[in-house]
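Trainee: Mind folding the following:
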Amino acid sequence: MPPGRIPSANKSGKSRLIRPSSAAANIQTHPTYSSGLYDNITLRPATAAATGRRPDVPELGQRPATQAAGSRRQWRATKEERIEPKDINKQPRRLTIGAVDGISRDTRKIVRPGLIQGSQGQVLKSKIEERINIDTLEELKKTFAKADTNKSGQLELNEFKALLKSKLAVSGNREAQIDSLFMKIDWASEGAITWDEFCTYMQLEYAEKEDSYKRAKDVDFYLPAKITNIPHRDPILRITDTVDGTFVACSQDGMVSFWSPGIELKRTRHVVNTEQSSRAKPKWVTDFVIMPQYNKFIVGTGDREIQFFELSSFEPYCQISGLETVPLKLDYCDTGRDECLILFGDSQGAINILVITSAGECLRTWKKMPKNDGFIASVSLNDAVGPNVNFIRWSVHGDWVQQLKYYHEIGQVISCSNHANTALVIGCTIGSTHVEQQLKELKDQSAASTDQKINKDNMNTNQDKKQTNKYTYGLMKQRLDTDQSVFKVYKGVKCFDFSKDKNIIVTGGMDRIVRLWNPYVSGKPTAMLRGHSAPIFFLFIAEEENRIFSISTDKCIKVWDIQDHTCLLTIRPKSHKIRGDLQAVHYSNISKTVAIATDQMAALNLRLKPQPHADIVISHKEPVTSCMYNPSFKQVITCSESSVIKIWDFETGTPIFEYGEAHGDSAITCMTFDKCGRRLITGGRDGLIRIWNYNNGHCLKVLQKDKTVEEIRELRKKRNKERIKSANENCFITSVPEEEENEEVCDLAYVEMNRNKYIVGVGWDRRINIYSDDLSDSNIHHVQSPLPNWHDDIKRGHKEDILSVAQCPPNLLATASYDGEVIVWNMVSGHIFAYLKAPKPNNYEDQSLDGDLSINKLVFMQTRAFKKDAATLVSSGPRAHIHFWNVFQGGQLMSQFPGSNSKGAMVSVLEVNKQNTVLFSGDSYGFIYLWNIDGYCLTSNEEEPPEVLHSWRGHVKSVTSIALVEENKLLISASVDCTVRMWNMEGHYVGTFGQPDVWDIYNQSLWQHPMVPYDVLIDPMSLPDHPVVAEKQDMHQIIHEDSKKNETDGRTPTPPIVYNKQQFHIDDDTIASLIREKTFKKGTGKRQRHEKLRPVRVDRGGPSEYQMLRCEALEETPRPKTPTLKLNKDDPLNLNFYD
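Mentor: So this is what the prediction gives:
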């Protein structure tokens, strides 16, 4: 194995051996504490002398993205957006409903009360464990005995606090961290710790960190390399890639080839005039670069030209000719809106820069120039320079320029050569204003103008000289010392790479040493990586992976770690099978592929870790089997089928600690805590039960059942029959290996009875295995066997695999099996207390061949433990129904109702709150239900199901575990879909553990609500039921529904018209039956009441009342007589009195 390579898994797929007393871990590691390039460097003055800098200057920020050809200006620090303290509690709540979760926000700009602010490194430094090193351990050891005031050889909590406060200068607000550290060390809850226990905890924690750190840096390539022939005849000059991952290669004869990421040739083009036959020698291409903003392909030629071609069609566009030297290396950078830089290095060691503004207009103007040899429009350099084009030429190196690149984020040009004194130079593009130099140039210009007036006869000649001297090659400028940094390297630098985020420059050359530099310090490298036996040919910094890729001329490939400066991987030619001399190398950060050009084209693909859920935030890479909440440390513990245990911060959802291979290659199936919550107990498919100090991944004890010879033989027979049955299609038979002879542990329970503590495990062995948890035993690393099995368990116990166990104080234990049987045991005597078997519900259809009899979860309602008339046990089955049982008097079923609204869904998990008023359930389709069981089945049987308080879909696959945090009114759910999510009791989505956005349980504006998980949103089962869709039974019926309608011949007949009214009559029996069915819950109660009160019309036969009316002719009404109006003037009121 090459030096520095980390051993990985062998080809047979077997993992490497691990320590029996602990598991491999993954914990937070220190990031690189480094600043950005030119972020805190003294500011160069706008007008500076060549001898020094101004002493008192402000700090520098990032160079603004402004016009590259503009005047030289000071770099001012940019103000970062931040929230003032007065605006801490004014975080706006999102008012729009989004469709997805996991949309990254910049959480560094969010100030949350009570949370540690700053970078990850500051969070790590805030932990007390991270402040303890070898020096502090020696000091603590000296004062440990002095801190023991009672001379017991142990430190209690108060003494431990005083010790750490005095030696580590821990402030008063960090006492909670000291308490947490003390509880982590005192896993046995003895109330005191010894010096040996303290050192053991710290040593194991750092050992797991180291193992995790090495495992996280494993890197490998797919070997051998994929090799194919190339169409090029001449050497390839450079390889680059486009945004879609396509490789572009160009050779000296001007042939350009395009390759897919899998090194498959797409097409070839030529960038030279193949029809020109007058040349004695063909044109020689020196380098090329792509101009993506303007869809151009730029090449440099041996005829001192820079040519532009259309990238899509490779039609000649224009060229800049008249260069005095050959452009050996090219570079292009887009610096702003319609602004760019074109740089090239030549054989004189000069850096030539074309600063172009209004680049589109310039290219169109050059396109209109006369064509050279009828092939391409040509413009000389003197004609090209103008208001929009500025040309600068710096004398930088003492030898040919080997590589150059402009980095717009720092506004600097980095170039290298084989000259030792100017091996690597970081310099500006335009330069500072130098007063003396400007005065000298003005004098030269005035002298030149005087000469022009004297020699008027030679005006044309002098004008050409003037133009030549104006944008001169002959007068190369020297940068000021303040404008450049020179790195001297023995035998020069052949290649380099720079990373702004990592703040490093890596160089390689003829001396076969890879050097790492701090850009601020040019005198000495920060690291020297030795290992190559040939000159370095190519270097690349992979910022995301935190690695450096180096390739030497002997085709040896090495991968280095940036932080540790160690070699992670070495691949020699015998492994990758690449032959020939190196011509060009390129690493594509898009496809993670190294393209190598020799006399063939080869590709080395980086072996990436599979990401099956790249678009969805996941908590584990494999299905999650269980999750629990630890109130002592405010942590959430989850485990997966890949035998990985993760610890999460409950308040923020960030990962704290992780360790894998807890049960080797076997999955973890269940877990529980001891009474004090400081030890984690896990069960796996390997049949073992392990007890952990889960805070540092230390395995304290292994519980294993000793099998007899007869049991092993029976197990082998059973497993071999299963393997023979499953291997019939593949025509091969395998026997049961010895490591699979243990039966899977399905569920665990921690029981405390009569001051004795026990661990109860059940599983596929169909027995109840009870292990004594005695902490007085000094040897805690031995393998412990269970107590003898109960007689009733052997003779009258379960006949199928036991899937669940639950304990109810003081002495009851319930177990449920795969065949739907529930047995309640008396733990004192070991006898069966009750035998429960649920009847089949009415009108129930089996959803599977085995009859859906399995019971996955049992829950005791402990507040009803002494109420003999109430239901105390709840089971999640059989037949997808939730059952309430009264375990007294032989057992009685008090209620039975479906546990899910989805057809075919099984109840997978149950949980109750402490008051036993709310039942939480989850089904195999990912739905979560909250049932109101306050007073339910408390005194009598119930025929109706309890009220559903809330229900929502939390996952797209089966819910495997639910953990309650009642003090915060939150719920944590785990699922087979590899996610662990947090909700409140109303179903509001808080977040997924492992998401990039950190939440705060005390600030609901940082929750994901009102959004829902993206995978749940797009899943078809999340849609509400529609009557039209509900009528369709299968997909075939939905697809062929329209075709059946078209098959009917002729027009649909019109229904007959009925003129008489339809008679409705509902008798009392019908109404009574409808009331018993309670169909009024569906919204039909008012209609029933209307039909009941509606008067019934009796049909007596004969004509209707309207038809029996008589019809007679009307007589004419006589016209009344018109009264005569008389007015007596003497008596206007007509008051006549008669005798």
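Trainee: Give me the neighbour count for the closest residue to residue 601 other than its chain neighbours.
Mentor: Distances taken as C-beta to C-beta, 6 or more residues apart in numbering place residue 230 nearest to residue 601, at 4.9 Å, with adjacent residues excluded. C-beta here means a position set from N, CA and C on the backbone, and glycine is covered the same way. Neighbour count for residue 230, taken as other C-beta atoms under 10 Å: 21.
Trainee: do residue 315 as well
Mentor: 9.
Trainee: Just to check, it is in contact with residue 309?
Mentor: Yes: using C-beta atoms under 8 Å, residue 315 makes contact with residue 309 at a distance of 6.7 Å.
Trainee: on that earlier part again, these two touch, right, the residue nearest to residue 601 and residue 602?
Mentor: No: judged on C-beta under 8 Å, residue 230 makes no contact with residue 602 at a distance of 9.9 Å.
Trainee: show me the contacts for residue 562.
Mentor: 32, 502, 504, 516, 541, 546, 547, 548 (C-beta atoms under 8 Å, 6 or more residues apart in numbering).
Trainee: By neighbours, which of those residues wins?
Mentor: Busiest of the contacts of residue 562 [other C-beta under 10 Å] is residue 548, holding 26 neighbours.
Trainee: coming back round to it: quickly name whichever of the contacts of residue 562 is closest to residue 532.
Mentor: residue 548 (12.1 Å; C-beta to C-beta).
Trainee: if I've got this straight, that closest one is in a strand?
Mentor: Yes: counting by DSSP: H, G, I helix; E, B strand; the rest coil, residue 548 is found in a strand.
Trainee: what's near enough to touch the closest residue to residue 702 other than its chain neighbours?
Mentor: Once flanking residues are discounted, residue 702 sits nearest to residue 783: 4.8 Å by C-beta to C-beta, 6+ apart. Applying C-beta under 8 Å, 6+ apart, we find residue 783 in contact with 701, 702, 703, 704.
Trainee: Quick one: buried ones out of the residues you listed?
Mentor: 701, 703, 704 (16 or more other C-beta atoms under 10 Å).
Trainee: Among these, name the ones in strands.
Mentor: The strands, defined by DSSP state E, take in 701, 703 from those.
Trainee: Return the per-residue confidence for residue 431.
Mentor: For residue 431, the model assigns a pLDDT of 78.
Trainee: any idea how far it is from residue 1121?
Mentor: Taking C-beta to C-beta, to the nearest Å as the measure, residue 431 falls 128 Å from residue 1121.
Trainee: Which one of these two is surrounded by more residues?
Mentor: Set residue 431 next to residue 1121 and count neighbours by other C-beta under 10 Å: residue 431 wins out with 18 against 6.
Trainee: quick one: the more buried one and residue 480 touch, right?
Mentor: Yes: Residue 431 lies in contact with residue 480 (C-beta under 8 Å); the separation is 6.7 Å.
Trainee: gap between the two ends of stretch 564-584?
Mentor: Its first and final residues considered, stretch 564-584 spans 29 Å by C-alpha to C-alpha, to the nearest Å.
Trainee: list the buried ones in that stretch?
Mentor: Within stretch 564-584, the residues that count as buried by 16+ other C-beta under 10 Å are 566, 567, 568, 569, 570, 571, 575, 576, 578, 582, 583, 584.
Trainee: circling back to that earlier point, what's the distance between the residue nearest to residue 601 and residue 239?
Mentor: Distance from residue 230 to residue 239, counting by C-beta to C-beta: 11 Å.
Trainee: what residues are shared contacts of the two?
Mentor: 249, 597.
Trainee: Mind pulling the model confidence for residue 99?
Mentor: For residue 99, the model assigns a pLDDT of 33.
Trainee: my read is residue 626 is in a strand, agree?
Mentor: Yes: judged by three-state DSSP, residue 626 forms part of a strand.
Trainee: change the start of the numbering to 23 and stick with it
Mentor: Yes, from this point I'll number from 23; that puts the last item at residue 648.
Trainee: Spatially, what comes nearest to it if we skip its sequence neighbours?
Mentor: Nearest one to residue 648, counting by C-beta to C-beta, 6+ apart, is residue 983 at 4.6 Å.
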